[in-house]
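> 3D, please:
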Amino acid sequence: MGIAAWLILTFTGMNWFSLFAFVILWGSAAGFGAQAFYGLWASELFPTKYRAGAQGIMYFLVRLGIAI
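As a prediction, the model looks like this:
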């Protein structure tokens, strides 16, 4: 599903259908944790000095949300 999602996003035009198909397929392939998203965004959004703490807080919040 992940490969199909990226193929759709890469080789089709940017329209609502292709974006929606990408989100559904990639979200289904990533599972509930979706560590690919918050793991990537922690390294991209926060300065190096705060990155480990921010990533730890995000892991905690995501896992707490899944547990609830």
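
> Please, where are all the helices along this structure?
2-11, 16-30, 35-45, 48-67 (DSSP state H).

> Could you list the low-pLDDT ranges of this protein?
The model of the chain has pLDDT under 70 over residues 30-39, 41-42.

> the residue most distant from the middle of it, which is it?
Distance from the centre of the chain peaks at Lys49, with 22.7 Å (C-alpha atoms, centre = their mean).

> count of neighbours near Gly2?
Using other C-beta atoms under 10 Å, the number of residues around Gly2 comes to 12. Backbone N, C-alpha and C define where each C-beta goes, glycine included.

> Now Ala21: closest residue in space, sequence neighbours ignored.
Nearest residue to Ala21, sequence neighbours excluded (C-beta to C-beta, 6 or more residues apart in numbering): Ile8, at 5.2 Å.

> next one: Trp26
Once flanking residues are discounted, Trp26 sits nearest to Ala5: 4.0 Å by C-beta to C-beta, 6+ apart.

> show me what contacts Ile8?
By C-beta atoms under 8 Å, 6 or more residues apart in numbering, the residues touching Ile8 are Ser18, Ala21, Phe22, Leu25.

> I misspoke; the intended subject was Trp6.
By C-beta under 8 Å, 6+ apart, Trp6 lies in contact with Phe22, Trp26.

> mind starting the numbering at 294 from now?
Got it, first residue is 294 now, which makes that one Trp299.

> how far away is it from Gln348?
Going from Trp299 to Gln348 by C-beta to C-beta, to the nearest Å gives 24 Å.
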